[in-house]
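Undergrad: Curious how this folds, go ahead:
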Amino acid sequence: MGCGFGVKGTYGLRRGASFVILIDVDEHVLQLRRSGWAVDRVVADARRLPLRDSSIDVVILWNVINFIRDKEVAINEVKRVSRREVAFSVYNAINAHWSYDYEAFMIDALRLGRPIIIRRVSNTQFQAIMRVNHDKD
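TA: Residues are numbered from 1 along each chain as shown. Model prediction:
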């Protein structure tokens, strides 16, 4: 989600993914990235993903959530469509809508599920792999 040119998706194919869906709100960026037999491109808003519940094995939400104004809605959508895991990363860019410290990152990460790996890259960049939990609270 927020794939840009699809670098992470291509990496997923090299690491064993059988199919990748690249999603971005910017149609022009997606047009620059060609589709392939194992890659599909979808123009969509992160707050309204055109995917079924639990339909994606691994969602990659890498350095994009802090550029989405309604991040809570986007996080809920990512959790809704993810079947197993979410790769989640943030960094503090000057033009972002949201700024993160470690505590704020953990709050959003834990909304996605249970941590498998958490990494503090620096005081301005944090990463995690989260196991999604669809149990009702």
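Undergrad: contacts and neighbour counts: CA atoms only from here.
TA: OK.
Undergrad: now the chain, which segments are flagged as low pLDDT?
TA: Scanning the chain for pLDDT under 70 picks out 33-37, 136-137.
Undergrad: let's see it at 50
TA: Applying pLDDT under 50 to the chain flags residues 137.
Undergrad: mind listing the helices for it?
TA: 7-14, 27-32, 71-81, 102-112 (DSSP state H).
Undergrad: Just the CA trace of the first one, in PDB.
TA: This points to helix 7-14. Output in PDB follows, covering the C-alpha atoms of helix 7-14 (Å, rounded to 0.1, in the frame of the first residue of the first chain):
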ATOM      1  CA  VAL A   7      10.200  -1.900  -5.200                       C
ATOM      2  CA  LYS A   8       9.000  -3.800  -2.100                       C
ATOM      3  CA  GLY A   9       6.500  -5.800  -4.200                       C
ATOM      4  CA  THR A  10       9.200  -6.900  -6.600                       C
ATOM      5  CA  TYR A  11      11.300  -7.900  -3.700                       C
ATOM      6  CA  GLY A  12       8.400 -10.000  -2.400                       C
ATOM      7  CA  LEU A  13       8.300 -11.900  -5.700                       C
ATOM      8  CA  ARG A  14      12.000 -12.600  -5.500                       C
END
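Undergrad: In space, what's closest to the residue positioned nearest the centre of the chain - neighbours in sequence excluded?
TA: Taking Cα atoms, centre = their mean, the centroid of the chain lies closest to Leu61, which sits 1.6 Å from it. Spatially, and ignoring its direct neighbours in sequence, Leu61 is nearest to Phe88 (4.9 Å; Cα to Cα, 6 or more residues apart in numbering).
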